[in-house]
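Trainee: I need the structure of the sequence given here:
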Amino acid sequence: MNQNMAAAMELRCWGGDWGLPSVHTESLIVLAYTKFSGAEVAVSPIDWTWKTITVTVPELVCGDTAVQEPTQILNFLRKQRFNADYELTARQGADTMAYIALLEEKLRPALLHTFWVDAENYSNLTRPWFASRSPFPLNFFVPGRLASGALSRILLTTGEAPLHRISEVEGKIYSDAKECLNLLSYRLGTANFFFGNSPTSLDAFAFGFLAPLHKASLPSSPLQSHLRQLDNLTGFCDNILAVYFSSDHFYG
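Mentor: Model prediction:
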């Protein structure tokens with residue numbers, strides 16, 4: 001496709017804060033991948049608009065096409081020839097799928113719990129942040145709606161019936177997440193990226209999951225303390241921010 005003929009791409013996502021281009025994991029995954037693959041996208045934060053309740057973010061809009069969910073958006077970008085994974089072997093491609101599944105299954109529930117279920121973090125950090133970026137009167141119910149979505153997603157991922165109290169699965173959620181962080185740290189070792197010298201979709205996913213946990217000022221988080229002991233993972237996030245996002249204006 002001739003570059004001049006290519007339709008402009010717009011990425012709708014939650015805006016940035018805490019030194020991050022977005023505070024939202026899925027949005028961060030896509031933002032990082034666009035940088036890694038060289039895709040030109042216009043970033044449109046949905047903050048302070050009515051889209052905070054109507055749009056599923058991230059959403060990539062290109063001409064008449066609108067694509068949601070990181071995996072679908074990355075597939076769409078690859079079809080437009082923006083591919084950060086073209087040098088990967090079949091084995092590395094399989095590893096990528098396995099590690100992304102691990103992040104989704106083992107780390108996501110604990111991240112959702114940390115930001116949306118833990119009462120201290122929710123009332124001091126998460127709820128005020130999302131309320132302050134939603135227009136009146138949405139600011140009264142956007143955070144609560146996102147929190148109940150987070151809760152159902154945790155119970156779904158952990159295979160628990162919705163009737164189970166979240167407190168019954170908390171211990172397992174956090175031990176699984178710490179184990180996942182340890183595995184990631186071991187896999188990364190002393191390298192800058194998971195597969196050598198250039199970042200791929202696995203790096204985009206890992207960054208999206210790790211960066212908010214690394215950078216948010218959480219009042220209480222054993223998971224954040226655990227991540228901060230794994231210097232290579234925090235260094236990985238800082239390196240991506242410095243190399244790919246340092247010149248960006250964050251909508252904080």
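Trainee: neighbours of Gly144, how many?
Mentor: When neighbours are counted by other C-beta atoms under 10 Å, Gly144 registers 14. C-beta coordinates here come from the backbone N, C-alpha and C atoms, glycine included.
Trainee: typo on my end, it should be Val243
Mentor: Val243: 11 surrounding residues under other C-beta under 10 Å.
Trainee: check Ser44 too.
Mentor: Other residues close to Ser44 by other C-beta under 10 Å number 18.
Trainee: that one contacts Met9, doesn't it?
Mentor: No. Contact between Ser44 and Met9 fails when scored by C-beta atoms under 8 Å: they sit 10.7 Å apart.
Trainee: low-confidence stretches in the stretch 151-252 of the chain?
Mentor: For the stretch 151-252 of the chain, applying pLDDT under 70 flags the ranges 160-164, 248-252.
Trainee: now do 50
Mentor: Applying pLDDT under 50 to the stretch 151-252 of the chain picks out residues 251-252.
Trainee: can you give me the strands for it?
Mentor: Applying DSSP state E, counting those that start in this stretch to the stretch 151-252 of the chain gives no strands.
Trainee: show me where it has its helices.
Mentor: In the stretch 151-252 of the chain, the helices defined using DSSP state H, counting those that start in this stretch lie at 170-188, 201-215, 222-228, 231-244.
Trainee: now swap in the stretch 1-150 of the chain and tell me
Mentor: Counting by DSSP H, counting those that start in this stretch, the helices of the stretch 1-150 of the chain are 25-37, 51-54, 70-79, 90-102, 108-112, 119-121, 127-132, 142-157.
Trainee: right, so of the ones you listed, which gets closest to Asp176?
Mentor: helix 108-112 (7.1 Å; C-beta to C-beta).
Trainee: neighbours of Pro199, how many?
Mentor: Pro199 has 26 nearby residues by other C-beta under 10 Å.
Trainee: same question, Ala39
Mentor: 23.
Trainee: correct me if wrong: Ala42 contacts Ala7.
Mentor: No. Applying C-beta under 8 Å as the test, Ala42 and Ala7 come out as separate, 11.5 Å apart.
Trainee: and the contacts of stretch 149-158?
Mentor: For stretch 149-158, the surrounding residues in contact (C-beta atoms under 8 Å, 6 or more residues apart in numbering) are 104-105, 108-109, 112-113, 115-117, 161-162, 164, 166, 169, 172-173.
Trainee: check stretch 84-91 too.
Mentor: Against stretch 84-91 from outside (C-beta under 8 Å, 6+ apart): Tyr33, Phe36, Ser37, Arg78, Gly93, Thr96, Phe195, Ser198, Pro199, Thr200, Ser201, Ala204.
Trainee: now the buried members of those residues.
Mentor: When the contacts of stretch 84-91 are checked for burial by 16 or more other C-beta atoms under 10 Å, the buried set is Tyr33, Phe36, Ser37, Arg78, Thr96, Phe195, Pro199, Thr200, Ser201, Ala204.
Trainee: mind putting these into JSON lines with distance to Phe130?
Mentor: Shown next, in JSON lines, are these (distance: C-beta to C-beta, whole Å):
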{"residue": "Tyr33", "distance to Phe130": "24"}
{"residue": "Phe36", "distance to Phe130": "28"}
{"residue": "Ser37", "distance to Phe130": "29"}
{"residue": "Arg78", "distance to Phe130": "31"}
{"residue": "Thr96", "distance to Phe130": "31"}
{"residue": "Phe195", "distance to Phe130": "34"}
{"residue": "Pro199", "distance to Phe130": "29"}
{"residue": "Thr200", "distance to Phe130": "31"}
{"residue": "Ser201", "distance to Phe130": "27"}
{"residue": "Ala204", "distance to Phe130": "23"}
